[in-house]
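Colleague: pasting a predicted model and its sequence here:
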Amino acid sequence: MGIAKAMFGAGCFWGVESALRGVIGVVEVTVGYSGGSFKNPSYEDVCTGRTGHAEVVLVEYDPERVRYEDLLEVFWSSHDPTTLNRQGPDRGSQYRSAIFYFTPEQERAARESLGKQEASGRFRRPIVTEIEPAAAFYRAEEYHQRYNEKHGRLSCDF
């Protein structure tokens, strides 16, 4: 079956990167930018909020060892999907909650997962997570890769 890809935006990419990196079956997690129209953005470009990009993680995983649905569960538990364009102190469309799908099967699974989250009563406010086709991915600068690991942190401190 080979290696598959998934892409998620969940606010600050460092926290969701750390959460997904620990999942058995995940081969690699790369932080970057996607979902906008600006080509080859830098972190500074994305921070302006004018590129249309979100901070995202690109996940490479072995579907024989971990299911896409399991990655979705980590996504839901690693951020608050009810805050529009915001996570903790970070504000702006670059911090939006989003699932970027690569296949029709991923889209279906994402929509089913969203429905289950809404029906669960877990969240007091409506979920604002966007579900969109995957767009171009731009790798973030090297100092953003494995940021929490490099700085002895387990997650983003919000």
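Modeller: In hand now; what should we look at?

Colleague: which parts of this structure are strands?
Modeller: Chain-ordered strands for the chain, with DSSP state E as the definition, fall at 4-10, 26-34, 54-61, 86-87, 90-91, 97-101, 130-133, 138-139.

Colleague: out of the ones you listed, which is closest to Gly115?
Modeller: Ranking the strands of the chain by their distance to Gly115 (criterion: Cβ to Cβ) puts strand 130-133 first, at 10.9 Å. C-beta: built from backbone N, CA, C; applies to glycine.

Colleague: which parts of that closest one are buried?
Modeller: Going by neighbour count (16 or more other Cβ atoms under 10 Å), the buried part of strand 130-133 is Glu132.

Colleague: what is the rounded mean pLDDT of it?
Modeller: Along strand 130-133, the predicted confidence averages to a pLDDT of 98.

Colleague: on that earlier part again, for the strands of the chain, give me a markdown table that also has distance to Phe75.
Modeller: Written out in a markdown table, the entries for the strands of the chain read as follows (distance: least, Cβ to Cβ, whole Å):
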| stretch | distance to Phe75 |
| --- | --- |
| strand 4-10 | 5 |
| strand 26-34 | 12 |
| strand 54-61 | 9 |
| strand 86-87 | 13 |
| strand 90-91 | 17 |
| strand 97-101 | 7 |
| strand 130-133 | 11 |
| strand 138-139 | 20 |
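
Colleague: nearest to Arg111, of those strands?
Modeller: Judged by Cβ to Cβ, the one of these that comes nearest to Arg111 is strand 130-133, at 6.1 Å.

Colleague: ok, residues contacting that closest one?
Modeller: Contacts of strand 130-133 with the rest of the structure, by Cβ atoms under 8 Å, 6 or more residues apart in numbering, involve 9, 35, 96-101, 107, 110-111, 114.

Colleague: what do you get if the cut-off is 7 Å, keeping everything else the same?
Modeller: Strand 130-133 has contacts (Cβ atoms under 7 Å, 6 or more residues apart in numbering) with 35, 96-101, 107, 110-111, 114.

Colleague: strand partners (parallel or antiparallel) of it?
Modeller: According to DSSP bridges, strand 130-133 forms sheet pairs with strand 97-101 (parallel).

Colleague: distance between the strand it pairs with and the chain's centre?
Modeller: Using Cα atoms, centre = their mean, to the nearest Å, the distance from the centre of strand 97-101 to the centre of the chain it belongs to is 7 Å.
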